[in-house]
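Participant: Build me a model:
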Amino acid sequence: MPSVATVWRILKRNGLITPQPHKRPRCSFVRFEAQLPNQMWQCDSTPWQLADGSQVEILNLLDDHSRLFLNSRTFPTVKAANVVQAFFSASDSYGLPAAFLTDNAAVFSGGSRRGKVALELELERLGIEVKHSTPYHPQTCGKVERLHQTLKRYLRKQAPALSLAHLQLQLDAFREYYNHHRPHRALGRQTPLVVFNARLKARPIQPEAPTHYRVRRDRIDATGKVTLRYLSKLRHIPVGAAHRNRKVVLLVAGANVRIVTTDGVLLRELTLDPNRSYQPLGGRWPVHYVLQQVSTMS
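Facilitator: Numbers count the residues shown, from 1 in each chain. Prediction:
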């Protein structure tokens, strides 16, 4: 007996069935391209391997309009602070983008944890629109995904990198060649740097970043402190030994924090210092707390 596929091909050849492809044809895809340089940047990380077999990650940033290779950095593991550092390094050279597109990885998005990571907070502070691709849909970040392939094809032709520093030199060499010398087929055989400099640059359009609000229920520890994650780092906030092991509610509005009891009594209010893990004892204290401390000392 002939196979099902053979029967299907015979019927199709004779025009007796209507083809129903399982995948969408390429002609149905809508190709998006930003109209101006810096209108949108794309960012993503990809794994790589050193000569000794150790696994590392490469973080790449790309301009959507011109395909300019904005930055490329390698790390043992990409962390939230690394992404912010790479972003500011690129913006110092090429200006701030109007929008920033990534996938939903933990270093790019805190949506799965009902919060925001350091990158999202910094972008909102600068008035940059934060965009994330649809889950399990890499085509949204297709330009930077395609850049990963081109970069890895180049790296495979080089001597295996002996260290992160060695790999970083290879990345810098490729980025120089890619931006200044390599003609890009999608750009009419022009180089990305030529296209990037050919038009005016887009800029962030939001005048002021919105404040991120959240409510957290916690318990003061045995030393009289509570901990709160801010800009991807744990911040230790002293409340007072008199309140140890007490259940509290943390009302967070950006860097402003209020610590209240479960029955609504304000214990402390402060603005977090992003440069310190252990917050100082300064800040606004409620009057009843100050009177309580004075009576305790007397």
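
Participant: so what's the residue positioned nearest the centre of the chain closest to, chain neighbours aside?
Facilitator: For the chain, residue 108 is the residue whose C-alpha lies nearest the centre (CA atoms, centre = their mean; 2.5 Å). Once flanking residues are discounted, residue 108 sits nearest to residue 102: 3.8 Å by CB to CB, 6 or more residues apart in numbering. For glycine as for every other residue, the C-beta is placed from the backbone atoms N, C-alpha and C.

Participant: confidence score at the residue nearest to the centre of the chain?
Facilitator: Looking at residue 108, its pLDDT is 92.

Participant: Residue 83 is in contact with that one, correct?
Facilitator: Yes - between residue 108 and residue 83 there is a contact under CB atoms under 8 Å: 6.7 Å.

Participant: list the residues that contact both of these two?
Facilitator: Contact criterion CB atoms under 8 Å, 6 or more residues apart in numbering; residues shared by residue 108 and residue 83: 43, 119.

Participant: And the residue nearest to the centre of the chain, how close does it get to residue 18?
Facilitator: For residue 108, the distance to residue 18 (CB to CB, to the nearest Å) stands at 42 Å.

Participant: all strands in the stretch 51-200 of the chain, in order from the N-terminus.
Facilitator: Assigned strands in the stretch 51-200 of the chain, in chain order: 55-63, 69-75, 99-102, 129-132 (criterion: DSSP state E, counting those that start in this stretch).

Participant: Could you say which one of these comes nearest to residue 160?
Facilitator: When the strands of the stretch 51-200 of the chain are compared by CB to CB, strand 55-63 sits nearest residue 160, at 11.8 Å.

Participant: For the residue nearest to residue 108, the count of nearby residues, please.
Facilitator: The tally of other residues near residue 102 (other CB atoms under 10 Å) stands at 25.

Participant: same thing with residue 124?
Facilitator: By other CB under 10 Å, neighbour count at residue 124 equals 19.

Participant: mind listing what the closest residue to residue 82 other than its chain neighbours touches?
Facilitator: Leaving out its chain neighbours, the residue that sits closest to residue 82 by CB to CB, 6+ apart is residue 75, at 5.3 Å. Residue 75 makes contacts with 56-57, 59, 82, 164, as judged by CB under 8 Å, 6+ apart.

Participant: what do you get if the cut-off is 7 Å, keeping everything else the same?
Facilitator: Each residue near residue 75 by CB atoms under 7 Å, 6 or more residues apart in numbering is listed here: 56-57, 59, 82.

Participant: quick check, nearest of these to residue 169?
Facilitator: Nearest to residue 169 among those, counting by CB to CB, is residue 56 at 13.8 Å.

Participant: Please report how far that closest one lies from residue 158.
Facilitator: From residue 56 to residue 158 the distance is 15 Å (CB to CB).

Participant: Contact partners for the residue nearest to the centre of the chain?
Facilitator: 83, 102, 117, 119.

Participant: Report pLDDT for residue 266.
Facilitator: pLDDT recorded at residue 266 is 86.

Participant: need the helices for the stretch 1-150 of the chain, in chain order.
Facilitator: Under the criterion DSSP state H, counting those that start in this stretch, the stretch 1-150 of the chain contains helices at 4-13, 80-94, 118-125, 142-156.

Participant: what's the answer for the stretch 151-298 of the chain, then?
Facilitator: 164-180, 192-196, 287-297.

Participant: Tell me how far the second one lies from the chain's centre.
Facilitator: Mean-position distance between helix 192-196 and its chain equals 25 Å (CA atoms, centre = their mean, to the nearest Å).

Participant: And the first one, by the same measure?
Facilitator: Helix 164-180 has its C-alpha centroid displaced from the chain centroid by 22 Å (CA atoms, centre = their mean).
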